[in-house]
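Chemist: give me the fold of what follows.
(2 chains)
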Amino acid sequence: MQTVSNLRERRLPTGSEGGVGMTTSALRDLANRHPDRVDKQPFLEVVDLRVHFPTDDGLVKSVDGLSFALDRGKTLGIVGESGSGKSVTSLAIMGLHTRPASEQTRPGAQLSGEIYLEGDELLAKTPEYVRGLRGKRMAMIFQDPLSAMNPYYTVGHQIIEAYQIHNPVNKKAARKHAIDMLGRVGIPEPSRRVDAYPHQFSGGMRQRAMIAMALSCDPDLLIADEPTTALDVTVQAQILDLIRDLQREFNSSVVLITHDLGVVAELADDVLVMYAGRAMEYGSADQLFNRPAHPYTWGLLGSMPRFDRARSERLLAITGSPPSLINVPPGCPFHPRCAYAARNGGLSEEVRPELVPVEPGHIVACHLSETDREQIWEHEIAPKL
Amino acid sequence: MFAYIVRRLLWAVLLLIVLSMVTFSIFYLIPRLGGATPETLATRYVGRAATPETVHLTAERLGFLDPVPVQYWHWLKGVFVGADFDYGAGVEHCPAPCFGYSFITKQPVWPELLDRAPVTISLTIGAAIIWLVAGVSIGVISALRRGTVFDRGAMGVALAGVSLPIFFTGLIALAFFSYKLGITAPGGTYVPFSQNPALWAYSLLLPWITLAFLFSAQYARLTRAGMLETMSEDYIRTARAKGLPERRVILKHALRGALTPVLTIFGLDVGLLLGGAVLTEKTFSLNGLGKYAYDGIVNGDLPKILGVTLVAGFFVIMANLFVDLLYGVIDPRVRLE
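Modeler: Numbers count the residues shown, from 1 in each chain, chains lettered A, B, ... in the order given. You can find the predicted model right below:
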């Protein structure tokens, strides 16, 4: 597990503003929502995404006005607690939510907003069009590779299937490709293991096979939803290394969804902190780890266990639990759990904070004044991290 | 694998012997609890008007006076090496496998079983194919259209199918389709397949459909439940994420998992029916194993009952073995290493 101080040291020498600078204008525009921005097109751009699920208890607003942008070859980490809308966002990008009134077994989702993949607005496209993109231009890795692979078919068969659906090749060529992919993700004896079933693989091997399946069509966008959560710590590091290496090799953009800040520090160029379906803070990894500006981000950083702190010291845990997504608290959704909400004279309880830039490429949705924020960070939070 | 099958077959033989013992005991011992004597049993074969001497002689000749274990031993020996019977008109030899002579018709049981088995097999196989195809398709469509008119309608009809007995639906169907409309064969018709396949199918069409209606209802419900379960599996989401067309996701990835429980029940049902679809055969007056068993039970004709019981037991055990082996094909996780 990375410690925050380690992260900071790692980040400081390499934490150039260059990577972030590329999206700075986009970020500023997203914060201010200028619809007429035409100068630069990010690879993936999500604008004011809303995903709502009608249920018997009311409307569940899983994602409620989320915007972000991702350049080619870059990695965006989306961080948040369970139920903050991370996975729902990724499924929305992949087009895997079912619209209402369709004949499906899952309750339908109401989606609005825009999702651009290289300028192609996906939400307006037909399901069939998006299906053609899935697996080919955008692929996904899931949390638990055991349940995410079909137990009834061999690993090879499942990779071959993914490859053949988008590439007009015969079975033999597809099989050769599958063996090739298994070798590339570091599975020993791929020509033998290709005929094994998922249950015959170890957890790490299964995740490697999942990655091989996802990358089989050389997608431009890879969404990794908690790719290491179900794995041993030692295997986690291997998988993260693998994702990084393959990303360089294929020059894919990666959306990395996790609740583990160590994983984000390992891979992400940019970080988006989500809470109750909204962005709380968004900036480069350097900014998020070295100059976090939102109390929720402080809480996430403070919740990370560390070796270099006395055991008697308490973690800076976030009190309370995530809010109901049906009755999201008015004002700032985080205010019931925020230690500093009282400083804003009732503003946090009543007015929803807009995302505003605190420095170039770094936006935060918080009512704290700049002086308050800097003072709290410097005197109360930073010394404890 | 081979050793496994041999072991299962040896178990099957043992199981059949136990089954025959139990049937034998039930037939002889339970009536004695109610005060019946060997003579009471014999009376049923010679008629109430017979003199006590005749009754006693008959009981002696049929071996009813021997202790039950001895009677069982004679019967078991007959199955393996054949037996000789004395019905008063000279000694008759019954070659192995000898399941004895019917008390009533004085005909050996085994040739009768062989004679009637094709009827039951024809009835079962035809109906099984219909109910499997219909039940699974309706179940899949219902699951995919959960809550729609189709789903509610199909499940309502399925409930009716499960609840209505075959002698009700069968008689209604006969009255309507065969006797009013005249589009299906009347009851009691059976043309062997070897004689005329078209007439064979025509003669069995109504029994097939009636029997299949009863079963497909159950299969539709089972498939629907299984599909709803597998459709929410993570690997279905993965299959969609790969960009597979929805049709392929359903038919290839979801259906396979949903079919495992269906297959289990299918094996048992087919095995049971092969041993005699009693109600169906009786309703449609088909001379199959079920009707044979029915006649045996009505007349207290032990050799008939024992014969059909063992054949039924054999089919159920075989069907189970077949299903177990098929599991390995369907689900690689249970494959024998």
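
Chemist: report whether residue A:152 is found in a helix, as I expect.
Modeler: No - Residue A:152 sits outside any helix when classified using DSSP: H, G, I helix; E, B strand; the rest coil, being coil.

Chemist: can you tell me the element the residue nearest to it when sequence neighbours are not counted falls in?
Modeler: Among residues not flanking residue A:152 along the chain, residue B:256 sits closest, at 4.8 Å (Cβ to Cβ, 6 or more residues apart in numbering or on different chains). Quick note: C-beta positions are derived from backbone N, CA and C, even for glycine. Per DSSP states H and E: residue B:256 is located in helix B:255-274.

Chemist: in that helix, which residues are buried?
Modeler: B:255-260, B:262-264, B:266-267, B:269-271, B:273-274 (16 or more other Cβ atoms under 10 Å in any protein chain shown).

Chemist: can you give me the strands for the stretch 51-200 of chain A?
Modeler: For the stretch 51-200 of chain A, the strands defined by DSSP state E, counting those that start in this stretch occupy A:58-70, A:75-79, A:110-117, A:120-121, A:138-141.

Chemist: hmm, the third one touching chain B?
Modeler: So the one you mean is strand A:110-117. No - residues of strand A:110-117 are not located near chain B by Cβ under 8 Å from any Cβ of the partner chain, the shortest gap being 13.8 Å.

Chemist: quick one, what contacts the closest residue to chain B within the stretch 201-350 of chain A?
Modeler: The stretch 201-350 of chain A approaches chain B most closely through residue A:213 (7.1 Å), counting by Cβ to the nearest Cβ. Counting by Cβ atoms under 8 Å, 6 or more residues apart in numbering or on different chains, residue A:213 touches A:139, A:158, A:159, A:162, A:181, B:238, B:242.

Chemist: quick check: closest non-adjacent residue to residue A:274.
Modeler: residue A:80 (3.7 Å).

Chemist: so that neighbour sits right up against residue A:273, yeah?
Modeler: Yes - counting by Cβ atoms under 8 Å, residue A:80 touches residue A:273, with 6.4 Å between them.

Chemist: and the helix holding residue B:256, how far from the chain's centre?
Modeler: The chain centroid and the centroid of helix B:255-274 are separated by 14 Å under Cα atoms, centre = their mean, to the nearest Å.

Chemist: which other helices and strands contact it?
Modeler: helix B:109-144, helix B:197-231, helix B:302-330 (3 or more Cβ pairs under 8 Å, 6 or more residues apart in numbering or on different chains; DSSP states H and E).

Chemist: with chain A as the reference, name the closest of those.
Modeler: Here helix B:197-231 is closest among the helices and strands packed on helix B:255-274 (Cβ to the nearest Cβ), at 4.6 Å.

Chemist: any residue of the closest one touching chain A?
Modeler: Yes - Helix B:197-231 lies within reach of chain A by Cβ under 8 Å from any Cβ, at B:228, B:231.

Chemist: quick one: list the elements packing against the helix or strand just after that helix.
Modeler: Using DSSP H and E, the helix or strand that follows helix B:197-231 in sequence is helix B:234-241. Where contact means 3+ Cβ pairs under 8 Å, 6+ apart, helix B:234-241 is packed against strand A:138-141, helix A:145-148, helix A:203-215.

Chemist: rewinding a little: got TSV for the contacts of residue A:213, with pLDDT and distance to residue A:339 too?
Modeler: Formatted as TSV, the contacts of residue A:213 follow (pLDDT from 0 to 100; distance: Cβ to Cβ, whole Å):
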residue	pLDDT	distance to residue A:339
A:139	94	41
A:158	95	48
A:159	95	49
A:162	92	47
A:181	91	49
B:238	93	41
B:242	93	45
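
Chemist: tell me which of those residues is nearest to residue A:383?
Modeler: Of all those, residue A:383 sits closest to residue A:139, with 42.9 Å by Cβ to Cβ.

Chemist: and for the residue of chain A found nearest chain B, nearest residue in space, chain neighbours not counted?
Modeler: The nearest approach of chain A to chain B comes at residue A:135, 3.3 Å away (Cβ to the nearest Cβ). Nearest residue to residue A:135, sequence neighbours excluded (Cβ to Cβ, 6+ apart): residue B:243, at 3.3 Å.

Chemist: residues contacting that neighbour?
Modeler: A:131, A:132, A:133, A:134, A:135, A:136, A:162, A:165, A:166.

Chemist: the second one - how many residues pack around it?
Modeler: Residue A:132 has 16 neighbouring residues, counting by other Cβ atoms under 10 Å in any protein chain shown.

Chemist: what do you get for residue B:77?
Modeler: What residue B:77 shows, counting by other Cβ under 10 Å, is a neighbour count of 13.

Chemist: Three-state assignment for it, please.
Modeler: Strictly by three-state DSSP, residue B:77 counts as helix.

Chemist: so residue A:230 sits in a helix?
Modeler: No - assignment of residue A:230 by three-state DSSP gives coil, placing it outside any helix.

Chemist: right, and it touches residue A:144 too?
Modeler: Yes - in this structure residue A:230 lies within contact range of residue A:144 using Cβ under 8 Å: 4.5 Å.

Chemist: show me what contacts the closest residue to residue A:225 other than its chain neighbours?
Modeler: Once flanking residues are discounted, residue A:225 sits nearest to residue A:257: 4.7 Å by Cβ to Cβ, 6+ apart. Applying Cβ under 8 Å, 6+ apart, we find residue A:257 in contact with A:77, A:78, A:86, A:87, A:89, A:90, A:223, A:224, A:225, A:226.

Chemist: quick check, pLDDT for the fifth one.
Modeler: Per-residue pLDDT puts residue A:89 at 93.

Chemist: and for the third one?
Modeler: Residue A:86 is assigned a pLDDT of 90 by the prediction.

Chemist: and it, what does it touch?
Modeler: Applying Cβ under 8 Å, 6+ apart, one finds that residue A:86 lies in contact with A:78, A:79, A:80, A:225, A:257, A:258, A:259, A:274.

Chemist: quick one: least confident of those residues?
Modeler: For the contacts of residue A:86, the pLDDT minimum is residue A:259, 86.

Chemist: how much space between that one and residue B:1?
Modeler: As judged by Cβ to Cβ, to the nearest Å, residue A:259 and residue B:1 stand 47 Å apart.

Chemist: go on, residue A:294?
Modeler: Taking Cβ to Cβ, one finds residue A:294 at 62 Å from residue B:1.

Chemist: which one's more surrounded, those two?
Modeler: The residue with more neighbours, out of residue A:294 and residue B:1, is residue A:294; 26 against 9, by other Cβ under 10 Å.

Chemist: up against chain A, what does chain B have?
Modeler: Residues of chain B lying close to chain A by Cβ under 8 Å from any Cβ are B:143-146, B:148, B:228, B:231-235, B:237-246, B:253, B:256-257, B:330-333.

Chemist: mind giving me the PyMOL select for those, buried ones only?
Modeler: With 16+ other Cβ under 10 Å as the burial test, the buried ones among the residues of chain B next to chain A are selected in PyMOL as follows:
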select buried, chain B and resi 143+144+145+146+228+231+233+234+235+237+238+239+240+241+242+243+244+253+256+257+330+331+332
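
Chemist: for chain A, what's the nearest residue on the stretch 1-150 of chain B?
Modeler: Closest point on the stretch 1-150 of chain B to chain A, by Cβ to the nearest Cβ, is residue B:145, at 5.0 Å.

Chemist: against which helices or strands is the helix or strand containing residue B:56 packed?
Modeler: Under the criterion of DSSP H and E, residue B:56 resides in helix B:52-61. With contacts defined as 3+ Cβ pairs under 8 Å, 6+ apart, the packing partners of helix B:52-61 are helix B:38-46.

Chemist: and the helix it packs on with helix B:302-330, angle?
Modeler: 90 degrees (axes from the mean of the first three to the mean of the last three Cα atoms, to 10 degrees).

Chemist: report all helices and strands that helix B:38-46 contacts.
Modeler: helix B:52-61.

Chemist: quick one, the helix it packs on and helix B:38-46 angle?
Modeler: 100 degrees.

Chemist: and helix B:52-61, what's buried?
Modeler: Of the residues in helix B:52-61, those buried (16+ other Cβ under 10 Å) are B:55, B:56, B:58, B:59.

Chemist: hey, least reliable of the helices and strands packed on helix B:255-274 by pLDDT?
Modeler: Mean pLDDT is lowest for helix B:302-330 out of those, coming in at a mean of 85.
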